[in-house]
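**Q** sharing a model that was predicted from the sequence below.
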Amino acid sequence: MEAQNKTVLTVETTVNAPVAKVWDFWNKPEHITQWCSASEDWHTPRAENDIRTGGAFSSRMEAKDGSFGFDFGGIYDEVRDNEYIEYTMGDGRKVQIDFDAQGDSTKVTERFEAESQNPVEMQQGGWQAILDNFKKYTEAN
């Protein structure tokens, strides 16, 4: 691992749903394929998730017009049901997600190490857009 300071970005939202529902919608592949995109012209046609410490996850994100796509995946470093997820992406970057139960709502906070190919503002915006999409989908279903 390179000895460099990594930029850690944070995105968050409060979902108007109890933590057990938020956890299920975040982790079940049948839900992931419904919300995991940053814009209307993208989608996630496939998702697999073994939500446990040491388990793996992967999903396929694609432009709906078929012009571009990529696989997104990693290994879970720590999982505490309805509370916390930490994983390492395929490229070695770390992600931490807190699920903070607040009665009938749940605050979701994601911290992730930025990559060096794209501007941090673009990465922050993209991850926030996906999180906003998750909130919208979870509250509507």
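**A** Nice, I can see it.

**Q** how about the top helix by length along the chain: buried residues?
**A** In the chain, ranked by residue count with DSSP state H as the criterion, the top helix is helix 120-140. Under the neighbour-count criterion of 16 or more other C-beta atoms under 10 Å, helix 120-140 has 123, 124, 126, 127, 128, 130, 131, 133, 134, 135, 137, 138 buried. From N, CA and C alone the C-beta is placed, and that goes for glycine too.

**Q** for the strand ranked longest in the chain, the averaged confidence score.
**A** Ranked by residue count and defined by DSSP state E, the top strand of the chain is strand 69-80. What strand 69-80 shows for mean pLDDT is 96.

**Q** ok, that strand: who's next to it in the sheet?
**A** Partner strands and pairing direction for strand 69-80 (DSSP bridges) are strand 56-63 (antiparallel), strand 84-89 (antiparallel).

**Q** okay if I get the ones you listed as a markdown table plus distance to residue 112, mean neighbour count and mean pLDDT?
**A** Below are the strands paired with strand 69-80 laid out as a markdown table (distance: least, C-beta to C-beta, whole Å; neighbours: other C-beta atoms under 10 Å; pLDDT from 0 to 100):
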| stretch | distance to residue 112 | mean neighbour count | mean pLDDT |
| --- | --- | --- | --- |
| strand 56-63 | 14 | 17 | 96 |
| strand 84-89 | 8 | 17 | 98 |
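
**Q** dump these into TSV; add distance to residue 24 as well.
**A** Below are the strands paired with strand 69-80 laid out as TSV (distance: least, C-beta to C-beta, whole Å):
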stretch	distance to residue 24
strand 56-63	15
strand 84-89	13
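
**Q** mind checking which of the ones you listed is nearest residue 107?
**A** strand 84-89 (12.5 Å; C-beta to C-beta).
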